[in-house]
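Chemist: Need coordinates for the below:
(chains A, B, C and D)
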Protein chains: 4
Amino acid sequence: MISIAILGATGYGGVELVRLLSRHPGADLVYLSSETYAGQPINAVYPHLGPVSLPLEPLDPQRMLAAEVVFFALPHGKAVEYAPLVREAGHKVVDLGADFRLKDAALYQEWYGFEHTHPELLAKAVYGLPEIYRESLRTAQLVAGPGCYPTSSILPLAPLLRAGLIEPAKVVIDSKSGITGAGRTSLKLEYHFPEADEDVCAYNVVAHRHIPEIEQELTAAAGQSVQVSFTPHLIPMSRGIFTTAYVRGAEGVTTERLLDCLRAAYAREPFVQVLGDDRLPHTKATQGSNQIHLTARFDARSGVVKVFSALDNLGKGMASQAVQAMNIMLGIEERTGIDAASIYP
Amino acid sequence: MISIAILGATGYGGVELVRLLSRHPGADLVYLSSETYAGQPINAVYPHLGPVSLPLEPLDPQRMLAAEVVFFALPHGKAVEYAPLVREAGHKVVDLGADFRLKDAALYQEWYGFEHTHPELLAKAVYGLPEIYRESLRTAQLVAGPGCYPTSSILPLAPLLRAGLIEPAKVVIDSKSGITGAGRTSLKLEYHFPEADEDVCAYNVVAHRHIPEIEQELTAAAGQSVQVSFTPHLIPMSRGIFTTAYVRGAEGVTTERLLDCLRAAYAREPFVQVLGDDRLPHTKATQGSNQIHLTARFDARSGVVKVFSALDNLGKGMASQAVQAMNIMLGIEERTGIDAASIYP
Amino acid sequence: MISIAILGATGYGGVELVRLLSRHPGADLVYLSSETYAGQPINAVYPHLGPVSLPLEPLDPQRMLAAEVVFFALPHGKAVEYAPLVREAGHKVVDLGADFRLKDAALYQEWYGFEHTHPELLAKAVYGLPEIYRESLRTAQLVAGPGCYPTSSILPLAPLLRAGLIEPAKVVIDSKSGITGAGRTSLKLEYHFPEADEDVCAYNVVAHRHIPEIEQELTAAAGQSVQVSFTPHLIPMSRGIFTTAYVRGAEGVTTERLLDCLRAAYAREPFVQVLGDDRLPHTKATQGSNQIHLTARFDARSGVVKVFSALDNLGKGMASQAVQAMNIMLGIEERTGIDAASIYP
Amino acid sequence: MISIAILGATGYGGVELVRLLSRHPGADLVYLSSETYAGQPINAVYPHLGPVSLPLEPLDPQRMLAAEVVFFALPHGKAVEYAPLVREAGHKVVDLGADFRLKDAALYQEWYGFEHTHPELLAKAVYGLPEIYRESLRTAQLVAGPGCYPTSSILPLAPLLRAGLIEPAKVVIDSKSGITGAGRTSLKLEYHFPEADEDVCAYNVVAHRHIPEIEQELTAAAGQSVQVSFTPHLIPMSRGIFTTAYVRGAEGVTTERLLDCLRAAYAREPFVQVLGDDRLPHTKATQGSNQIHLTARFDARSGVVKVFSALDNLGKGMASQAVQAMNIMLGIEERTGIDAASIYP
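Modeler: Presented below is the predicted three-dimensional model:
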């Protein structure tokens, strides 16, 4: 049994970690932090957890260090403050936030507005996308859990870029997200039920923080600089991201070649389903699980390759992917404690 | 490993059984029937199942008899046709339909419009509500899975009737159900998204088939005849039933006495949460799990006791409760293969 | 043209008044107050209003007095502060809040927690339910707009009580409301989209402020004291209230007699649709309009009369009903400026 | 008073026409056809219409010819069959379908699978987008009502193409539609509430019939051939289309220049709101009205111009836009009978 701490256990990502790890046969939850609800058992705040009655405690570095693996589900800029302590103690870190995702420290100032105080850790952190970095994850001490939009964009696009089936020049990504993506703590008018219900809108339309992360990983896949034009939208549902990407197809591309490439890339992946040319992804089919469904089409009229993916932003887009990365890092069977099947309908 | 057949595997109840039993460590799914989709693997019909690729086959009594436990998730009147064969083969039956719920065979003609051809089995069938019939379930060969509305009504009301805290005379039950309750196969206009979205309505307002079932069980609890006035409503959501019942309180009743009674009744139940006087049930907190949340209040002004419950109609209201009953019947630890925590939000 | 002021123009009720009165051929909106948004044109806050660009101003008694009719859409306790000034100026008041709904001043202390400072106005105020108080409204100076739950309860029940078709003893009212009923300004976690979506819950289950209002009006209809047990529920939709009431039927009652009574009561009412025994109300069919749909059934098995109604809580439940009352008070044709047809689907 | 017929009055577009025209002061509805519901008053099928009790009749050319203006809200291929009769009778036609939208008859075979039997009418038909073809509409006899996706795409893009602010080469259009867009008559599993709720998906991803229509109009605006890559998505809501288009910006373009261009184009348009750089469209703000909200941004990093629009697919995307075109054709004030303000929230 590995002892585990979750910092920020009562955000939507944190509590999903609690749900998964509380029944993980190799995990022992020893410390859950919550500033807002310290002093209560977690199932008093979240009755859906049923019998899981672990206590919520204030953030305390000493308590944190008692765990062999520390998950950070805190606002940006917090993990970088505590992760060095955990590492010094010889323990492992999985950060669900952005603090270790970018390799270029200067990008933190540009996109997140803070100076990264531990740039030396950026090279050591492993980007927690098992389908791409599985080998590195096996020996990782510090995992940077990918963003939800990046996961939904990188997994369908990276193999096609790597294979040269699409042109790296200009990638347009249009994502549609459920409203859990906005988190739980900031009660803004735009997430008030009567405002968000029966509505679609776009937000952060020219500068979303996931852009440098997507570009970093697509550039790595393409072997040359990839520039992304990304636009997120809010959809009146709780969970799920549907991403549609538009790229120019390379000479001679066909739908069949796109699908063959994706199938080859993900043939042995337990959580990636490549859909054939008779089926398109649905976010609902990924609800509550660690699955991502993806496919691609070549629109011969316009020369555009369209790439589609669906996942659960709190699952493969966040918490269950983090558990998947942890399992790999700890040498546990990768699927342990993770839902392979979704809740439907 | 117990070999298991599911008849009607592609209705919403059937596929939820598949989801649960495909990962149940003691269960081996050997036969899934589907008239509509025979010939396809189930995850071609339901991609949310991910790697679960069992084949769907036509209904075939011989295939059915190959399994030690047969689950029926078929329209009313079908289980009664095949269950005797299964029993003759010495195998066990769990029916998710109504064919064995009522003890009085005459009620089938009155409420379901068919003559029950095996009334001798009604006495042998055990009503699959573990919190009430756990002991009988241990030796059962034939389990009648309770209806979703009855589960949501009986669990909060039965202990109060048994304790004499509420009067058995007139029980008003007002239930609010998500639209999976209407099933998947009948594509009616009233369940067409644009019609059902942003709407509440009532249906079957003076004669719903769950009435005799609720009355049978509440009468058993009260030790005297209980008559129910039941009204179901449709709510624009997929899963969940919220039941509000109105009963006259007995002399001297208080909210505290009601809660004490419920707490005592369910203190050791792994899937029943009795909420205190500072909290009310939410259907969302039971989504995807086998939980039922319930509580009660005494309205001193009017003398009315109000009883509240929330569950997932496909979970505790159907499929996971059936697995719970199966576990008991097979002597497996009761919680095996069942989600105790819900998916939230 | 009558000059009109709306105080609290940016709450959901206030802005619905703006929508209706801005196109009312006899109304001239001269003053809209909003503390939060003073200084902006209203369509900068609410772009759905399109070309309606009236300025929002701070609350100012002098500005208020410039209007011949003043609508109050303010929190409870505010209208009672300003209404006397308006009346002294010889102008008319329509209050959408509760300050003048109850005839017994003592009830304000008990249910609303404030001492009513102008009890002498309570006798003068006319309860703004045109179907019952049309004659009094013609000469009213001060209209108390009914609550949304009371409107949905009183209209179907009052004629049946008056006719003696149902027993006044114990009336159980179970209401299901969309989330606009919670207003716009208080951003509580329970109305955060991911929490309210796909959920049903009950709230204020033993003491909701609409109880004394419903009892006052049902008592008036019955000619004897009526006591109500009322329970509101939240439904994942924006607009609409569905009310189900349960009452004991009088000797000899039948569904046909109930329907005849309702049809006779509302035969000439432009906004009340009595549905026959082949149809039940749907909230969606009333969206955006001033309609209420209602019907009743006698459940002969249990002796219970079930009464059903659907309306839009911001329409007949609030703003358009207030305009209807204003029209009567001003001697304008009653339907002027009001939507008779709903938006569907 | 102009006598009006609506053929196909019980589809979602047809009944929205009934709602609008039944209260239009210059319109007299004399004939409503419905195959499914002939013999019933329309408010028996659609109770939301309240007092509008016009009879539904079978499709009958003679009855059709009794009206001065005939609206066709029938499946593709039907209007072309009857429109010539109406024209010979000297009456006017407004088609909500696609039969007269395309100027090139050959495209009907390619995209709609039928041979157009009256290609001579295509030149005579006026495309019913008032903001672009107002002058031609004044003398039109035959109006081709634009598609919902084309309206949402053409209005924001045409002025920018005309002004040369965006490059015509490759236009990517990503649209998100509510489910009323799928109509009412075809009860498919994918629109069954439990399947569509909490889901996003794409459909018709390489060949949607609105593509040639969008290309025709954007080509006209650009003065050179424009090719479109279009992808529609389904969103769990009833009404509304949100369109995001991605185009390469011309040399020197800025957000301010884009907005100036749009503002100049639509300064006098009663139903077009150009939002500034501090606000983005929301479908909900257009619900039930004839409004379209639109804006644009230049993403300097990628050189991509992003264009956003929101409308109600049954309003500006269909029925109210058709009434707007009719008003112009008949010389009635353009806004008559049309909602300028939306229902919110």
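Chemist: Can you tell me the closest non-neighbouring residue to A:Asp60?
Modeler: Leaving aside its sequence neighbours, A:Asp60 sits nearest to A:Ser33 (Cβ to Cβ, 6 or more residues apart in numbering or on different chains; 7.4 Å). Using the backbone N, CA and C atoms, a C-beta is placed for each residue, glycine as well.
Chemist: confidence score at that neighbour?
Modeler: What the model reports as pLDDT for A:Ser33 is 98.
Chemist: Pretty sure it sits against A:Gly11.
Modeler: No: if you go by Cβ atoms under 8 Å, A:Ser33 and A:Gly11 don't touch, sitting 10.8 Å apart.
Chemist: Please enumerate the helices of chain A.
Modeler: A:12-21, A:42-45, A:61-65, A:79-88, A:106-107, A:119-124, A:130-138, A:148-162, A:193-196, A:210-222, A:255-266, A:319-330 (DSSP state H).
Chemist: okay if I get these as a markdown table plus mean neighbour count, distance to B:Tyr108 and mean pLDDT?
Modeler: Putting these into a markdown table (neighbours: other Cβ atoms under 10 Å in any protein chain shown; distance: least, Cβ to Cβ, whole Å; pLDDT from 0 to 100) gives the following:
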| stretch | mean neighbour count | distance to B:Tyr108 | mean pLDDT |
| --- | --- | --- | --- |
| helix A:12-21 | 26 | 42 | 98 |
| helix A:42-45 | 19 | 42 | 96 |
| helix A:61-65 | 15 | 61 | 95 |
| helix A:79-88 | 19 | 62 | 96 |
| helix A:106-107 | 16 | 70 | 97 |
| helix A:119-124 | 14 | 69 | 97 |
| helix A:130-138 | 18 | 54 | 98 |
| helix A:148-162 | 26 | 51 | 98 |
| helix A:193-196 | 26 | 43 | 98 |
| helix A:210-222 | 22 | 59 | 98 |
| helix A:255-266 | 18 | 51 | 98 |
| helix A:319-330 | 25 | 45 | 98 |
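Chemist: ok, so what distance separates A:Tyr149 from A:Val323?
Modeler: 20 Å (Cβ to Cβ, to the nearest Å).
Chemist: burial measure for A:Asn279, as a count.
Modeler: Careful, residue A:279 is Arg and not Asn. 13 (other Cβ atoms under 10 Å in any protein chain shown).
Chemist: Chain C versus that one, what's the distance?
Modeler: Here A:Arg279 is placed at a distance of 25 Å from chain C (Cβ to the nearest Cβ, to the nearest Å).
Chemist: quick one: contacts for A:Arg23?
Modeler: By Cβ atoms under 8 Å, 6 or more residues apart in numbering or on different chains, the contact set of A:Arg23 is A:337, B:340-341.
Chemist: try 7 Å this time
Modeler: A:Gly337 (Cβ atoms under 7 Å, 6 or more residues apart in numbering or on different chains).
Chemist: what does the stretch 51-200 of chain A put close to chain D?
Modeler: Within the stretch 51-200 of chain A, the positions adjacent to chain D are A:170, A:172, A:174, A:176, A:194-195, A:198-200 by Cβ under 7 Å from any Cβ of the partner chain.
Chemist: Sort out for me which of those are in strands.
Modeler: Within those, residues falling in strands by DSSP state E are A:170, A:172, A:174, A:176.
Chemist: give me phi/psi at the closest residue to A:Thr36 other than its chain neighbours?
Modeler: Among residues not flanking A:Thr36 along the chain, A:Thr10 sits closest, at 6.4 Å (Cβ to Cβ, 6+ apart). Per-residue torsions, A:Thr10: phi -110, psi 10 (degrees, to the nearest 10).
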